[in-house]
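In: everything below, folded, please.
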Amino acid sequence: MLNLTIDQKIEFSKLVKLNMKRAYFSALGFLGSHDEAMDASQAAFIRAYGSFDKFDRSKNFFTWYYKILRNYCLNVIRDNKKFITGDFLEWEEYPSSEDTEINLEKAELKNIIETGILELSEMDREVIILREFQDMSYQEISEILQIPVGTVMSKLFYARKKLGKKLEKYIK
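Out: Residues are numbered from 1 along each chain as shown. Got it, this is the predicted structure:
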């Protein structure tokens, strides 16, 4: 059993609280299921806790944690041998019944975008989610994926292009 100091446990707890939502949405981007994303992000935090004594404090916690989460999600996908179906975009709904039409349009748009993203290859989907939904820098994505920054930029360019192609039939 891992013996962390009280200070390390408190530090880890704070880092988990700061990164819970981001971890959930990252897992959701991979797995597409609310329940599986919750399970995966929690399981990855447990694994991260087990290795927390090896975490280099000079590095970004989420970048380090994301590698654990990513590997866990890829294992889930491999083990389940199924493709994802998603619900990973957050949209604010209007509470008034007068805005039902707007809410329906937003829901339809959300579904179209999610479907387009899910049709991308795993790598294309990942770079889009990391950059556009997780707001990570090219450098952070480079570190996570262990590829050069220029390759990140290139992959992102082509992923956006592919996504645009998938969505162009809906743009009038």
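In: flag the shaky bits of the chain, pLDDT-wise.
Out: Segments of the chain classed as low confidence (criterion: pLDDT under 70) are 1-2, 81-98, 172.
In: which residue is nearest the centroid of it?
Out: residue 26 (1.6 Å; Cα atoms, centre = their mean).
In: and that one, what does it touch?
Out: In this structure, residue 26 makes contact with 41, 66, 69, 70, 129, 130, 134, judged by Cβ atoms under 8 Å, 6 or more residues apart in numbering. C-beta coordinates here come from the backbone N, C-alpha and C atoms, glycine included.
In: and the longest helix along the chain, what's buried?
Out: In the chain, taking DSSP state H as the definition, the longest helix is helix 6-31. The neighbour-count check on helix 6-31 (16 or more other Cβ atoms under 10 Å) flags 11-12, 15-16, 19, 22-31 as buried.
In: hmm, residue 155 is touching residue 130, no?
Out: No. Under the contact definition of Cβ atoms under 8 Å, residue 155 does not touch residue 130, with a separation of 10.3 Å.
In: more neighbours, these two?
Out: The residue with more neighbours, out of residue 155 and residue 130 and counting by other Cβ atoms under 10 Å, is residue 130; that gives 23 against 20.
In: give me the number of neighbouring residues for residue 71.
Out: Other residues within reach of residue 71, judged by other Cβ under 10 Å, total 12.
In: how far off centre is the helix or strand that it is a member of?
Out: Under the assignment given by DSSP states H and E, the secondary-structure element containing residue 71 is helix 61-80. With Cα atoms, centre = their mean, to the nearest Å as the basis, the distance from the averaged C-alpha position of helix 61-80 to the chain average is 10 Å.
In: sorry, back to before: now the two most distant members of the contacts of residue 26.
Out: Taking Cβ to Cβ as the measure, those reach their widest spread between 41 and 130, a distance of 15.2 Å.
In: how close does residue 64 get to residue 159?
Out: Taking Cβ to Cβ, to the nearest Å as the criterion, residue 64 is separated from residue 159 by 24 Å.
In: next: residue 170.
Out: For residue 170, the distance to residue 159 (Cβ to Cβ) stands at 18 Å.
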